[in-house]
Structures are given as C-alpha cells and as structure tokens.
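Participant: Got a sequence here, can you build the structure:
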Amino acid sequence: MASPKKSAPKKTAARKPAAKSAKPTKKAASAKKSSAKKSATPRREVLLAAPALKSAVAKLCARIAEEFPTPERLLILGIRTRGALLAERITANLSQHYGVDVASGILDITFYRDDLSRLGPNPMVRGSEFPFDLTDSMIVLVDDVLFTGRTVRAALDEISDFGRPALIRLAVLVDRGLREYPIHADYCAVSIPTATNQRVHVLFDEVDDEDAVVLETV
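Facilitator: Residues are numbered from 1 along each chain as shown. Next up is the predicted model:
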C-alpha cells in the first residue's frame, strides 16, 4: 500500500516593517510657525485717507449747521478721547461758518461705563469740562465711531447728571453697525457694515501723526 504524500508546507510572505513617519524637518516646522504667525497678523485696510477724512468732517458740520441756524446755546460735546479730538475740528469748522466762537466741552464717561469693573482698580480719569450749565443747552454729542451704543448710553447718563438739556443730537464720523442698544446717529459721515472680528480705527494727526480711518480684520 502506497504511503500518502506529504503536502509541502505553505510559504508565508514575510511582513515588511511599517514605514516610520518622517519627522518634520526644522525648516518645515519653521515654515508652519511663520504661516500661523502671518494668519494671526491683522489685515489693515485704509477706508479714508486724509483728504477724505477732512471731507467727512465738513459733511458733519454742514448737517449740524443746517439744523442750527445760529450757535446760540449750542454746545459741541466730545467724548474722550477721539470723540473730543473730532469735536475740536467740528468746533473750529462751525466757528468759521458762524463767524463767532462756538462753545465746546469734553465728556469723560469712565465712571459711567458698564464695564468699569474690567478697567482695573485705578482707571484713568481726566474729568469732564463744560463751559456753562447744561440745562436748556442744545448739545451735539460727538464720538469717532458708533458701535454697540454702550459708550453713547454712558454719555447720556452722565449728561443727565449735570443738567437737563433742551435737546441732544449725536454726531459720529463712522457708524460700523452691530448695535446692542437702540441708539442711532443724527449726523453720520460714513456707514460701514462690519463683522465682530473687525475694528475701525479713526486716526488723528494730533496723536497718531496721520489722518485716516482704518479697518482692521483679525
């Protein structure tokens, strides 16, 4: 009787060791960091250069002069800091228009802000300055940018503590939208729709060495 044939052992393919993932080179890591740094750098766009800003201020003054034929009892009241700088320019322009000096003042809203607790234990306060009693005066409240409306709300609260004006109007250079309070500008030179990751900066030569309105996107 023939003996059964032995089956040949099956050959198994040898597994190749898994390739190790290459470690990033210093050059690649450096490029990655550089790319991340670039994406984090704010993008800056000039919306108004010096000549356009000057025209925007003149536009505000023309609107104010249209409502107030005479400067009697008129007070141009700027919110520190850049609102006050804008108010100075408006006052100079209107004084030239009327041919007499127009009254102006400065409002420091620090203690009326709803985020005062976030400013630290010693917030910078420079005080408010009024040339006369605010009661029965006609106030044009001035700020550089109208955003949430919280700054204006604080300004109105402070004004009411100092007197009872006959009326208050709001003049702003830029309205960027995104309001959180039901406040609007009576006089506005430029309206710019913006997003929450953007900021509008009004630059004045007196403190910034240039006149411009800049949109910054983060």
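
Participant: How about the contacts made by Glu88?
Facilitator: Neighbouring residues of Glu88 by C-beta atoms under 8 Å, 6 or more residues apart in numbering: Gly78, Ser104. No exception for glycine: its C-beta is placed from N, CA and C like everyone else's.

Participant: tell me the average confidence for stretch 164-183?
Facilitator: Model confidence over stretch 164-183 averages 98 on the pLDDT scale.

Participant: My error: substitute stretch 50-68 in the last question.
Facilitator: For stretch 50-68, mean pLDDT rounds to 98.

Participant: May I see the buried residues of it?
Facilitator: Buried positions in stretch 50-68, judged by neighbour count with 16 or more other C-beta atoms under 10 Å: Leu53, Ala56, Val57, Leu60, Cys61, Arg63, Ile64, Ala65, Phe68.

Participant: which regions of this structure sit below the pLDDT cut-off?
Facilitator: With pLDDT under 70 as the threshold, the chain has low-confidence stretches at 1-40, 116-125.

Participant: just checking, Glu210 touches Leu53?
Facilitator: No: taking C-beta atoms under 8 Å as the definition, Glu210 is not a contact partner of Leu53, at 9.6 Å.

Participant: in whichever helix or strand Leu85 is part of, what's buried?
Facilitator: Secondary structure assignment for Leu85, by DSSP states H and E: helix 82-98. Taking 16+ other C-beta under 10 Å as the basis for neighbour counts, the residues of helix 82-98 that come out buried are 82-95, 98.

Participant: Any idea how far it is from the middle of the chain?
Facilitator: The chain centre lies 21 Å from the centre of helix 82-98; the measure is C-alpha atoms, centre = their mean, to the nearest Å.

Participant: which parts of stretch 181-192 are buried?
Facilitator: When neighbours are counted by 16+ other C-beta under 10 Å, the buried residues of stretch 181-192 are found to be Ala185, Tyr187, Cys188, Ala189, Val190.

Participant: Which of the three states applies to the first one?
Facilitator: Right, the one you point to is Ala185. For Ala185, the reduced secondary structure class is coil; criterion used: DSSP: H, G, I helix; E, B strand; the rest coil.

Participant: Tell me who's in contact with it.
Facilitator: Ala185 touches Leu146, Leu170, Ala171, Val172, Asp175, counting by C-beta under 8 Å, 6+ apart.

Participant: So which of those residues belong to strands?
Facilitator: Secondary structure defined by DSSP state E assigns Leu146, Leu170, Ala171, Val172, Asp175 of those to strands.

Participant: For Arg126, see how far away the nearest residue in space to the third one that is not next to it in sequence is.
Facilitator: By that I understand Ala171. Using C-beta to C-beta, 6 or more residues apart in numbering and skipping the chain neighbours, the partner closest in space to Ala171 is Tyr187 (4.1 Å). Here the criterion is C-beta to C-beta, to the nearest Å. By it, Tyr187 lies 26 Å from Arg126.
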